[in-house]
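Enquirer: Just need the structure, nothing else, for what follows:
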Amino acid sequence: MHRILTPLTSAVTYSRWLHMFIPAAAASVWFFISDAFWAPLLFAVPIGLIPAMRLEEGIQAQLLLTPSERGRPDASIAAASSSSWAERWRTVLWLEVRLLISAGAILALWLPVASIELVLSAAGRPPGGLAEGLDPHWWNVLLAPLPIVPLLVLVVLGGRLSTAAARWLLGPSPTDRLTVLEGLTEELLERNRMARELHDSIGHALTVAVVQAGAARAANDPAFTERALAAIEETGRDALEDLERVLRVLRESGTPVSRRPTLAEAERLLDSARSSGAKVDARVSGDLGLVPAPVSREGYRILQESLTNVLRHAGPVSVRVTITVDGGRLELEVANPLSGAAGLPGSGSGLRGIRERAALLGGKARAESREDEWRVSVSLPLDGIRWSDAVHRSSGR
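Expert: Predicted coordinates:
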């Protein structure tokens with residue numbers, strides 16, 4: 001009993017009933033002009049072939065038949081104009097089906113009228129409409145609720161039939177479904193990229209803060225402590241900006257991501273490492289302005305993660321940074337001396353993120369120990385980059 005009554009308490013049941021009445025009202029106007037019941041079915045053919053009619057019907061169906069899916073990219077009913085003759089003929093068939101279903105809505109109008117006629121017949125008035133032919137008696141009032149039963153059945157089943165037909169005939173095409181899946185995939189890629197950036201930025205800031213605080217406590221020098229606090233403040237402010245940028249995008253769907261740093265600002269990372277006590281020897285060869293924006297941004301994050309690994313695992317040691325733009329490639333290498341087990345970074349999420357960034361751009365990343373040094377070497381191509389808009393929405397250009 002509960003399963004039977006539940007649809008009657010749902011608002012969508014009655015919005016679907018309203019959807020059934022719309023073509024019934026249009027057909028009723030025609031019946032005032034002519035009794036040719038087939039004319040609306042014939043007239044629906046040229047109307048359905050209009051591309052914009054599919055858009056109008058899709059919007060109306062989403063609003064009244066599946067309101068919970070309204071505006072969703074994966075909605076089961078598409079809201080788009082016809083892009084092929086197949087979609088136009090499916091729209092024609094949908095209009096024909098909708099007109100036939102509306103006949104049930106017209107019948108439903110007479111059912112409550114029959115209940116009223118039965119109630120009035122109890123007072124001696126001869127009943128009309130669907131109750132015509134019954135003799136007026138007081139017990140007719142007991143029959144008044146009976147027409148309500150088929151009325152409720154028509155409301156529920158008619159709405160479900162309309163929804164099923166709309167999903168079949170107005171549903172997204174295979175191309176539309178593929179487009180939606182691509183969009184969802186791109187959104188997941190973008191969120192994964194932002195998670196990596198947040199890991200790199202916050203991890204770098206925390207590493208610098210830990211190293212600076214430890215060095216300041218060991219030095220016991222007011223001047224050094226002041227410099228260390230200034231470095232912690234600057235690094236922490238940059239991390240907060242990155243955190244706010246990512247959270248703003250996650251909170252507000254469709255919000256453009258603010259500009260991300262590129263290798264042109266690599267000196268900021270190098271100064272941060274130097275302020276942490278590392279002796280950084282940086283060599284830049286070639287014009288960084290020739291590096292495409294996506295490559296430059298990912299190169300910045302790779303350099304940031306590499307320096308963070310050095311500070312985290314080896315401490316304030318000598319670091320050699322080489323950035324070369326030549327032969328259509330960006331070559332980036334970060335090397336530091338091995339100082340026991342602590343000088344050898346593991347294979348955690350940091351190195352994995354570097355490899356993923358390089359692979360996404362069609363490049364390669366290698367991390368290895370060589371000649372008493374730990375080296376992270378990355379090679380990225382400058383041409384042939386084919387990123388979708390969703391992967392680099394945060395271009396900042």
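Enquirer: which stretch of helix or strand covers the residue in the chain sticking out farthest from the centre?
Expert: Most distant from the centre of the chain: residue 124, at 64.5 Å, with distances by C-alpha atoms, centre = their mean. Per DSSP states H and E: residue 124 is located in neither a helix nor a strand.
Enquirer: separation between it and residue 112?
Expert: Residue 124 sits 21 Å away from residue 112, going by C-beta to C-beta, to the nearest Å. For the C-beta atoms, the positions are set from N, CA and C on the backbone; glycine is no exception.
Enquirer: Residue 52 now?
Expert: 36 Å.
Enquirer: the more surrounded of the two?
Expert: For residue 52 versus residue 112, neighbours defined as other C-beta atoms under 10 Å are more numerous around residue 112 (13 against 9).
Enquirer: so what's the more buried one up against?
Expert: Neighbour list for residue 112: 147-148, 151 [criterion: C-beta atoms under 8 Å, 6 or more residues apart in numbering].
Enquirer: Which elements pack onto the host helix or strand of residue 230?
Expert: Element membership for residue 230 (DSSP H and E) is helix 222-251. In terms of contacts (3 or more C-beta pairs under 8 Å, 6 or more residues apart in numbering; DSSP states H and E), helix 222-251 is packed against helix 174-219, helix 266-275.
Enquirer: Could I get the average pLDDT for the first one?
Expert: Along helix 174-219, the predicted local confidence has a mean pLDDT of 70.
Enquirer: Give me the neighbour count for residue 22.
Expert: Other residues lying near residue 22 total 14 when counted by other C-beta under 10 Å.
Enquirer: what's near enough to touch it?
Expert: Neighbour list for residue 22: 60, 102 [criterion: C-beta under 8 Å, 6+ apart].
Enquirer: Past the helix or strand where it lies, which element shows up next along the chain?
Expert: Element membership of residue 22, judged by DSSP H and E, is helix 11-33. Using DSSP H and E, the next helix or strand after helix 11-33 towards the C-terminus is helix 39-48.
Enquirer: can you pull the buried residues of that next one?
Expert: 40, 44, 48 (16 or more other C-beta atoms under 10 Å).
Enquirer: repeat for stretch 289-309
Expert: Quick answer for stretch 289-309 (16+ other C-beta under 10 Å): 291-292, 294-309.
Enquirer: And for stretch 353-362?
Expert: Under the neighbour-count criterion of 16+ other C-beta under 10 Å, stretch 353-362 has 353-355, 357-358, 360-361 buried.
Enquirer: returning to that earlier point: quick one, the helix holding residue 230 and helix 266-275 angle?
Expert: 140 degrees (axes from the mean of the first three to the mean of the last three C-alpha atoms, to 10 degrees).
Enquirer: How far does helix 222-251 sit from its chain's centre?
Expert: How far helix 222-251 lies from its chain's middle: 30 Å, per C-alpha atoms, centre = their mean, to the nearest Å.
Enquirer: With stretch 81-95 instead?
Expert: Distance, stretch centre to chain centre, for stretch 81-95: 28 Å (C-alpha atoms, centre = their mean).
Enquirer: which residues sit against it?
Expert: 23, 44-45, 47-49, 51-55, 57, 165-166, 169-170, 173.
Enquirer: switch the cut-off to 10 Å
Expert: 23, 40-41, 43-58, 61, 78, 80, 162, 165-166, 168-171, 173, 175-176 (C-beta atoms under 10 Å, 6 or more residues apart in numbering).
Enquirer: which of the residues you listed count as buried?
Expert: 23, 40, 44, 48, 53-55, 57-58, 61, 78, 162, 165-166, 169-171, 173.
Enquirer: Just the ones of those in helices?
Expert: Judged by DSSP state H, the subset of the buried ones among the contacts of stretch 81-95 located in helices is 23, 40, 44, 48, 53-55, 57-58, 61, 162, 165-166, 169.
Enquirer: Minimum pLDDT in those residues, which residue is that?
Expert: Minimum pLDDT across these falls on residue 40, with 73.
Enquirer: shouldn't it be in contact with residue 106?
Expert: No: the criterion here is C-beta atoms under 10 Å, and residue 40 misses it with residue 106 at 12.0 Å.
Enquirer: Quick check: residue 195 touching residue 353?
Expert: Yes: using C-beta under 10 Å, residue 195 is in contact with residue 353, at 9.3 Å.
Enquirer: Next, count neighbours for residue 115.
Expert: The number of residues near residue 115, taken as other C-beta under 10 Å, comes to 20.
Enquirer: element containing it?
Expert: helix 85-121.
Enquirer: so after that helix, what's the next helix or strand?
Expert: helix 140-143.
Enquirer: now for that following helix, which elements pack on it?
Expert: Applying 3 or more C-beta pairs under 10 Å, 6 or more residues apart in numbering; DSSP states H and E, one finds that helix 140-143 contacts helix 85-121.
Enquirer: got the angle between the helix it packs on and helix 39-48?
Expert: 150 degrees.
Enquirer: same question for helix 85-121, mean pLDDT?
Expert: What helix 85-121 shows for mean pLDDT is 81.
Enquirer: try stretch 290-307
Expert: Averaged across stretch 290-307, the pLDDT comes to 86.
Enquirer: Restricting to C-alpha, output it in PDB.
Expert: Only the C-alpha atoms of stretch 290-307 are listed here, as PDB (Å, rounded to 0.1, in the frame of the first residue of the first chain):
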ATOM      1  CA  LEU A 290      59.800  30.600 -26.100                       C
ATOM      2  CA  VAL A 291      58.400  27.900 -23.700                       C
ATOM      3  CA  PRO A 292      54.700  27.400 -24.300                       C
ATOM      4  CA  ALA A 293      52.600  28.400 -21.200                       C
ATOM      5  CA  PRO A 294      51.400  24.900 -20.300                       C
ATOM      6  CA  VAL A 295      55.000  23.600 -20.400                       C
ATOM      7  CA  SER A 296      56.300  26.500 -18.500                       C
ATOM      8  CA  ARG A 297      53.600  26.200 -15.700                       C
ATOM      9  CA  GLU A 298      54.200  22.400 -15.300                       C
ATOM     10  CA  GLY A 299      58.000  23.100 -15.400                       C
ATOM     11  CA  TYR A 300      57.600  25.500 -12.500                       C
ATOM     12  CA  ARG A 301      55.700  22.900 -10.400                       C
ATOM     13  CA  ILE A 302      58.300  20.200 -11.300                       C
ATOM     14  CA  LEU A 303      61.100  22.500 -10.100                       C
ATOM     15  CA  GLN A 304      59.100  23.300  -6.900                       C
ATOM     16  CA  GLU A 305      58.600  19.700  -6.100                       C
ATOM     17  CA  SER A 306      62.200  18.800  -6.800                       C
ATOM     18  CA  LEU A 307      63.500  21.600  -4.500                       C
END
